[in-house]
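Asks: A predicted structure for the sequence below; I have some questions about it.
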Amino acid sequence: MSEARITHEYPDAWTMPLADIDVGQGRLFRDDMHADYFARLRRDAPVHFCPEGPFGPYWSVSSYRLIKDVDENHELFSSEPSITIFDQPEDFYMPMFIAMDRPKHDQQRKVVQPVVSPRNLANLEPIIRERVGRILDELPVGETFNWVDRVSIELTTQMLATILGFPFEERRKLTRWSDITTAGPESGLVETVEQRREELLDCLQYFIALWNQKVKEPPTGDMISMLAHGEATRTMEPMEYLGNVLLLIVGGNDTTRNSITGGVLALNQYPEEYEKLRANPALIPNMVAEIIRWQTPLAHMRRTANRDTLLGGQQIKAGDKVVMWYVSGNRDETVFEDAERLIIDRPNARQHLSFGFGIHRCMGNRLGEMQLRVLWEEIQKRFHKIEVVGEPQRVPSPFVKGYTALPVRVHTL
């Protein structure tokens with residue numbers, strides 16, 4: 001990123017005291033300055049304690065192997081009460097199944113799992129392809145436009161409206177609710193905590209009306225109908241319903257949309273990989289996995305220690321926050337050779353951490369991969385190149401690793 005975009009002075013990651021490193025700062029991600037701090041932690045302190053972060057004290061787990069160990073041990077490391085470094089306020093707590101342990105997690109997840117079954121994905125693929133084609137055909141060739149808005153958000157929001165059973169013409173509401181759900185104080189998206197709460201309560205009222213409509217109708221294949229009729233979900237309290245709705249919105253929107261943008265940016269940063277793609281479009285499925293590794297659209301997931309334990313030689317106490325930095329594990333040089341680079345034919349690209357492991361592995365991973373694959377297949381039919389013509393604007397968040405803008409021009413074949 002150009003120096004003009006960096007608005008904060010950063011200490012040198014390799015010489016500053018280890019105890020002073022705090023990788024939970026949103027501005028590190030806004031300014032694309034996080035990589036060296038994680039590289040230092042992987043080398044010198046793969047389990048690292050930050051005593052005074054803005055979200056309270058926490059442990060950072062930064063190496064691939066240790067992240068996987070935590071993720072797969074759901075009995076020792078709990079997903080309750082939150083799966084992010086931020087704690088939800090007690091007076092506005094939104095339970096959601098990703099932040100639950102067994103058995104309730106499994107019961108609620110099972111209700112909506114059919115929407116991403118292989119059979120349903122096969123039915124969705126022609127819909128995705130038709131929508132991708134329309135979006136790409138409407139792009140202004142040779143003119144500068146914001147790829148995030150015109151393509152990344154538009155495609156993922158269209159598909160999210162479809163799988164939720166949400167009114168298609170109002171789908172951009174989903175984008176707003178997704179953004180403010182994960183927005184930190186540095187985001188500038190809301191002026192006050194009260195404004196954020198009011199907007200999320202508006203979201204709840206909208207989805208309660210949708211629930212009331214669908215509960216009177218026979219079950220259909222969309223997620224809100226599944227929740228309204230599901231044995232484990234039909235008696236949810238309003239805030240639990242809101243929590244699960246927001247989980248589905250963020251999971252179905254932020255992750256895929258930021259990988260769509262990240263792929264364009266990465267192929268421009270590594271033009272030799274763009275040449276590989278043009279020469280061999282059969283690489284697209286593997287490239288999709290590599291883009292998701294390179295981008296890591298959710299930078300972390302958090303667990304809470306259920307009891308005292310040793311991890312990577314460090315004493316973790318019961319109740320401690322343990323943050324698994326997927327964004328660091330996906331750059332672990334002991335697993336991914338030349339890990340900072342996008343390499344679209346990377347042999348082990350599918351070993352990335354971006355979808356998590358264990359019982360909380362991302363439910364919609366195949367749907368996200370399919371959207372990316374179809375998009376790049378259709379791009380290759382139409383365009384010689386998508387050229388990045390300005391600096392990306394990144395989200396100032398240690399959780400959502402994404403973009404608000406990417407100026408591009410498309411060039412036809």
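Replies: Cool, got the structure.
Asks: only C-alpha atoms from now on, for both contacts and neighbour counts.
Replies: Will do.
Asks: quick check: which ranges of the stretch 301-413 of the chain have low pLDDT?
Replies: The stretch 301-413 of the chain contains no residues with pLDDT under 70.
Asks: check which residues of the helix or strand of the chain with the lowest mean pLDDT are buried.
Replies: Using mean pLDDT, DSSP states H and E, the weakest-scoring helix or strand in the chain turns out to be helix 104-112, at a mean of 79. Going by neighbour count (16 or more other CA atoms under 10 Å), the buried part of helix 104-112 is H105, D106, Q108, R109, V111, V112.
Asks: quick one: whichever helix or strand comes after that helix to chain centroid distance?
Replies: Beyond helix 104-112 in the direction of the C-terminus, DSSP states H and E gives the next helix or strand as helix 118-137. The chain centre lies 21 Å from the centre of helix 118-137; the measure is CA atoms, centre = their mean, to the nearest Å.
Asks: send me helix 118-137 as PDB with only the CA atoms.
Replies: What follows is the C-alpha trace of helix 118-137 in PDB, where atoms were taken according to Å, rounded to 0.1, in the frame of the first residue of the first chain:
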ATOM      1  CA  PRO A 118     -24.600 -31.000  -2.600                       C
ATOM      2  CA  ARG A 119     -28.000 -31.400  -4.200                       C
ATOM      3  CA  ASN A 120     -29.000 -27.800  -3.500                       C
ATOM      4  CA  LEU A 121     -25.600 -26.400  -4.600                       C
ATOM      5  CA  ALA A 122     -26.100 -28.200  -7.900                       C
ATOM      6  CA  ASN A 123     -29.500 -26.400  -8.200                       C
ATOM      7  CA  LEU A 124     -27.900 -23.100  -7.300                       C
ATOM      8  CA  GLU A 125     -25.000 -23.200  -9.800                       C
ATOM      9  CA  PRO A 126     -27.000 -22.300 -13.000                       C
ATOM     10  CA  ILE A 127     -28.600 -19.400 -11.000                       C
ATOM     11  CA  ILE A 128     -25.200 -18.100 -10.000                       C
ATOM     12  CA  ARG A 129     -23.800 -18.400 -13.500                       C
ATOM     13  CA  GLU A 130     -26.700 -16.500 -15.000                       C
ATOM     14  CA  ARG A 131     -26.400 -13.700 -12.400                       C
ATOM     15  CA  VAL A 132     -22.600 -13.600 -12.800                       C
ATOM     16  CA  GLY A 133     -23.000 -13.200 -16.500                       C
ATOM     17  CA  ARG A 134     -25.500 -10.400 -16.200                       C
ATOM     18  CA  ILE A 135     -23.300  -8.500 -13.600                       C
ATOM     19  CA  LEU A 136     -20.200  -8.800 -15.800                       C
ATOM     20  CA  ASP A 137     -22.000  -7.900 -19.000                       C
END
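Asks: on contacts alone, who are the packing partners of it?
Replies: helix 154-164, helix 365-382 (3 or more CA pairs under 8 Å, 6 or more residues apart in numbering; DSSP states H and E).
Asks: how does it look with 7 Å?
Replies: Where contact means 3 or more CA pairs under 7 Å, 6 or more residues apart in numbering; DSSP states H and E, helix 118-137 is packed against helix 365-382.
Asks: next, the angle from the helix it packs on to helix 118-137.
Replies: Orientation check (axes from the mean of the first three to the mean of the last three CA atoms, to 10 degrees): helix 365-382 against helix 118-137 gives 30 degrees.
Asks: buried stuff in helix 365-382?
Replies: Within helix 365-382, the residues scored as buried using 16+ other CA under 10 Å are 365, 367-380.
Asks: hmm, who's touching the least confident helix or strand of the chain?
Replies: Outside of helix 104-112, the residues that reach it under the criterion CA atoms under 7 Å, 6 or more residues apart in numbering are F97, I98, M223, M226, L227, G230, A232, T233.
Asks: just stretch 371-390 next, same as before
Replies: Contacts of stretch 371-390 (CA under 7 Å, 6+ apart): 128-129, 132-133, 260, 264-265, 268, 284-285, 288, 407-413.
Asks: pull up the distance across that stretch, start to finish.
Replies: 25 Å (CA to CA, to the nearest Å).
Asks: where in the protein is pLDDT low?
Replies: Checking the chain against pLDDT under 70 turns up 1-7, 95-97, 99-100, 184-185.
Asks: for the residue lying farthest from the centre of it, what are phi and psi?
Replies: Relative to the C-alpha centroid of the chain, counting by CA atoms, centre = their mean, K216 is the outermost residue, at 33.4 Å. Backbone geometry at K216, expressed as degrees, to the nearest 10, gives phi -90, psi -10.
Asks: tell me how far it lies from N120.
Replies: Going from K216 to N120 by CA to CA gives 24 Å.
Asks: hang on, the earlier thing: extract the CA atoms of the least confident helix or strand of the chain and return them as PDB.
Replies: C-alpha atoms of helix 104-112 as PDB (Å, rounded to 0.1, in the frame of the first residue of the first chain):
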ATOM      1  CA  LYS A 104     -27.100 -26.900  21.000                       C
ATOM      2  CA  HIS A 105     -24.600 -25.900  18.300                       C
ATOM      3  CA  ASP A 106     -25.100 -29.100  16.400                       C
ATOM      4  CA  GLN A 107     -28.900 -29.000  16.800                       C
ATOM      5  CA  GLN A 108     -29.300 -25.500  15.400                       C
ATOM      6  CA  ARG A 109     -26.700 -25.900  12.700                       C
ATOM      7  CA  LYS A 110     -28.400 -29.000  11.400                       C
ATOM      8  CA  VAL A 111     -31.600 -27.100  10.800                       C
ATOM      9  CA  VAL A 112     -30.000 -24.900   8.100                       C
END
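Asks: longest helix of the chain?
Replies: In the chain, ranked by residue count with DSSP state H as the criterion, the top helix is helix 238-269.
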